[in-house]
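Peer 1: Here is the input, now give the coordinates:
(2 chains)
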Number of protein chains: 2
Amino acid sequence: MEKGRIEGLDKIFNPRSIALIGATNNKRKVGYDLVRNLKNYKGDLYLINKKEKEIDDMPSYRTVLDVQDDIDLAIITIPAHGVYEVLDECGQKGICGAVIISAGFSEVGDVLSEQGLSELSNKYGIRIIGPNSVGMTNNVKGLNATFTLNSKRGDIAFLSQSGALGAAIIYKTVYEDIGFSKFVSLGNMIDIDFCTLLEYLSGDPETNSIAMYMEGINDGKRFINIAKKCSEKKPIIVLKSGRSMSGSRATASHTGSMAGSDKVYDAAFKQAGVLRADTIDSLLDYAKVFSQTRMEGNRVAVLTNAGGPGILATDECERCGLIVPELGKNTQDRLRKILSPYASVRNPIDTIAQVDYNQYLKCVEILQDDEDIDAILSVIVVPTFAKIGMNSHARAIVDGWDNKTPIVTCFMSGEMATSSIRYMLINKIPSYPAPERAASAMGALWKYSKWYDGHFGKMQDQSY
Amino acid sequence: MEKGRIEGLDKIFNPRSIALIGATNNKRKVGYDLVRNLKNYKGDLYLINKKEKEIDDMPSYRTVLDVQDDIDLAIITIPAHGVYEVLDECGQKGICGAVIISAGFSEVGDVLSEQGLSELSNKYGIRIIGPNSVGMTNNVKGLNATFTLNSKRGDIAFLSQSGALGAAIIYKTVYEDIGFSKFVSLGNMIDIDFCTLLEYLSGDPETNSIAMYMEGINDGKRFINIAKKCSEKKPIIVLKSGRSMSGSRATASHTGSMAGSDKVYDAAFKQAGVLRADTIDSLLDYAKVFSQTRMEGNRVAVLTNAGGPGILATDECERCGLIVPELGKNTQDRLRKILSPYASVRNPIDTIAQVDYNQYLKCVEILQDDEDIDAILSVIVVPTFAKIGMNSHARAIVDGWDNKTPIVTCFMSGEMATSSIRYMLINKIPSYPAPERAASAMGALWKYSKWYDGHFGKMQDQSY
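Peer 2: You can find the predicted model right below:
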């Protein structure tokens, strides 16, 4: 079977029926968590267990062969030594997709057993995620085939080569209001790998950007080709670990990946238009920014109600290849007319704290009118002490925005900023808790826009 | 009056009596917030207002001259044009410290009025914070002389040249459980500046480390001298904005500071042992790490229950000048004896998710025994799915720690990590939400330790 083909993947992500092999009443096993997580699944669910007759008040089957109806997807969570047999049964039953959660294969040195699974995958044409996977989700369908928390629904696809990191990030994103379209814990990647998923996700209308945690890949050329084709449709952001000497030694022992020289990865990512993030936070920060259209240029207006944070944003903009130019006379004059005489209208535009809804809204409009400005970065210290409505800036941004000019926001002040941040979320405007992070995310937007334009030449349609 | 002398500062931070000039019943004015914030103050409080006779059920005085008793500190929050007169009255009354919150001086171009205040400061020997300050706090004394939120009590002194940024950071730290010993919003610094405060804080037993947001200073030589002397006693961390061209243009207009070349600042900080942070988060991350003793060397053991996050921490360690060496045979053998056969004992030490309290505690002890390891970085994905007590690792760290070996922790999984993180806080072990941030903070600890040892030669006492 040619790797990279995405046939069968749709049955994994959108199955009409699922068999959970290893379903159990035993709360100490992950098979129990999967039963619980699959309760929201709308299709037919068959619970498979060789011994238990009834699980969570549902009937249970000894094997998939005992099920009369067709099954699209098998989720396998029994101990490693039994996986070959049940996967063989899946093949006989004509099941075309499997998520193997069971661990104890090549990651602990048992390469032979893993090869056995590969052979079955080839023999029957079963597409496999795993083994040693935390599972996968399709949030659009309410399908959580993992033994961890439901992630929130959103338009970022998240792929992780480390299951624990994937799970930790899901917990984090639920807490931080970041949503995923799909999540895949890739595990040992005996069949479905980053390339397969990029190819599939590039055509997934529910996915706007793709975030991946990667330890290593084995076929660099194939990755570059497929990633480049995907980047032409939607942005990919990667957090690649193993940059350091000791880190790459650990990568090899963790997922058995060829870590390779970090420079080689760097070059490959650049060529393929893949954005590289340095931290978990920036991986998600960058993925989020693509609710905005591509930038036509790198000239940013930093609009702030507090000098210091505006300067920090400006510093980071320049570090990321953006420029924060002095505004033209016309724009300066227009801003001066509506703002306090103590405001600074050069750029960063410091409205000072005493700015109200109407003034802030007009600022947004004036900056959008300026043809020498490509994007707006709004940094707001939520005015807890300025005797001004706490969410007035958030409302002004939403009401003033032309839904066209790329805009990124930062609302500071801890918990006081929560409702403004949520208002941004509802209106699909990216928002960050620190000015540097907002600027850095805009830098990623610009980097991708530049790659895209260099690749295709400037185009009219700026949406994804 | 010679600048840099710290005489009078103690009366500002530990006043026996305070006059609030501009106290008011008008909720739309900051004078009202100050009345409210000063309610926790234990000393004598005199409210001064030319018109209002009674404020918040307390008697009010027309001027400080109408008060019979001695006053240590005046807090001034009336409009700019009246400040000269009331400051003069403060001088006549023999008040030796003033926090001038009133804005509208050099920051909006009125240099002359500001010079008037300086002259009064010199004439009467009144020490002044501000003008254009958000105020200051001494949390040990329950003194909040600002118009913003009470910060939490802790052992970091926080100095901010931007009032709004200072206030935003206070809100953030309250939310994130970071505590301050003192907070000072420096404002226009007509008298008390960074140097004065560093000199004072270097002798403050309540302050363990000093975090500052700086836009610019005017006397570099003096700063280097004083900062170096302070660094000999406790670490200073600075977030200096205006690194970029546009940023430094903005700095000049925001606080009128000479931004100077960033390289000059960088060199000055290095010479003085001042650690430079790049972001608001790292400013606080670094300041927090100094609850640990200095590192005697840069060899770090990364102890983790999840491969991916451990590798990310390792990468960042190396980027920060730390090394994550393979462990010696003896330590590897000891670890192998207690851990799962699937664990990796090389370094990073990946215990895998199925590790219990006893195993984790022994890991900490074994690593502390290893003379080739200088510090421990523990990265934990809170085991939401591993059927293991959620806080078992946190307890194991506290119980296994020798209270000597520098240790830094990271607990991942959003809200699920909250109780572990709080347990670290109670036990004064620094904790971070992301592995890269924990590693970077340990890098700062090492950087300071190295500067310290280079400065003094290796010394016995590793505490501050």
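Peer 1: Give me the pLDDT value at the residue in the stretch 51-200 of chain A that chain B sits nearest to.
Peer 2: Here the residue of the stretch 51-200 of chain A nearest chain B is A:Ser162; by Cβ to the nearest Cβ that distance is 2.8 Å. No exception for glycine: its C-beta is placed from N, CA and C like everyone else's. Note on A:Ser162: pLDDT of 94.
Peer 1: I figured it hits A:Met214, correct?
Peer 2: No: here A:Ser162 does not reach A:Met214: they are 9.3 Å apart, not a contact under Cβ atoms under 8 Å.
Peer 1: more crowded one of these two?
Peer 2: Shown here are A:Ser162 and A:Met214; by other Cβ atoms under 10 Å in any protein chain shown, A:Ser162 has more neighbours (28 against 25).
Peer 1: How about the secondary structure of the closest residue to that one other than its chain neighbours?
Peer 2: Closest residue to A:Ser162 apart from its sequence neighbours, by Cβ to Cβ, 6 or more residues apart in numbering or on different chains: B:Gly308 at 2.8 Å. Look at B:Gly308: counting by DSSP: H, G, I helix; E, B strand; the rest coil, its state is helix.
Peer 1: If I look at B:Gly308, what pLDDT would I see?
Peer 2: For B:Gly308, pLDDT reads 94.
Peer 1: That one touches A:Gln161, doesn't it?
Peer 2: Yes: in this structure, B:Gly308 is within contact of A:Gln161 by Cβ under 8 Å, at 7.2 Å.
Peer 1: For those two, list the residues in contact with both.
Peer 2: With contacts defined as Cβ atoms under 8 Å, 6 or more residues apart in numbering or on different chains, the residues shared by B:Gly308 and A:Gln161 are A:213, A:215.
Peer 1: Just give the nearest non-adjacent residue to A:Glu52, would you?
Peer 2: A:Ser60 (5.4 Å).
Peer 1: A:Met424 now?
Peer 2: For A:Met424, the closest residue by Cβ to Cβ, 6+ apart turns out to be A:Ser431, at 3.8 Å.
Peer 1: list the contacts for the one you found?
Peer 2: Taking Cβ under 8 Å, 6+ apart, one finds A:408-411, A:420-421, A:424-425, A:438 in contact with A:Ser431.
Peer 1: of all the residues you listed, which comes closest to B:Gly400?
Peer 2: Nearest to B:Gly400, judged by Cβ to Cβ, of these is A:Ile421 at 38.7 Å.
Peer 1: sec struct for the closest one, please.
Peer 2: Once three-state DSSP is applied, A:Ile421 turns out helix.
Peer 1: Would you map the helices across the stretch 301-450 of chain A?
Peer 2: For the stretch 301-450 of chain A, the helices defined by DSSP state H, counting those that start in this stretch cover A:307-319, A:329-338, A:357-369, A:392-400, A:418-426, A:435-456.
Peer 1: By mean pLDDT, flag the weakest helix or strand of chain A.
Peer 2: helix A:245-255 (a mean of 76; mean pLDDT, DSSP states H and E).
Peer 1: Now do stretch A:100-115: distance to the chain's middle.
Peer 2: 27 Å (Cα atoms, centre = their mean, to the nearest Å).
Peer 1: follow-up on the earlier one: what lies in contact with the strand or helix carrying the residue nearest to A:Glu52?
Peer 2: Applying DSSP states H and E as the criterion places A:Ser60 in strand A:58-61. For strand A:58-61, the external contacting residues (Cβ under 8 Å, 6+ apart) are A:19, A:23, A:45-49, A:52-54, A:67.
Peer 1: what is the residue lying closest to A:Ala23 once chain neighbours are set aside paired to in the beta sheet?
Peer 2: Once flanking residues are discounted, A:Ala23 sits nearest to A:Leu47: 3.7 Å by Cβ to Cβ, 6+ apart. Legend: beta-bridge partners of A:Leu47 under DSSP bridges are A:Leu20, A:Ser60.
Peer 1: Just give the number of residues close to A:Leu47.
Peer 2: 25.
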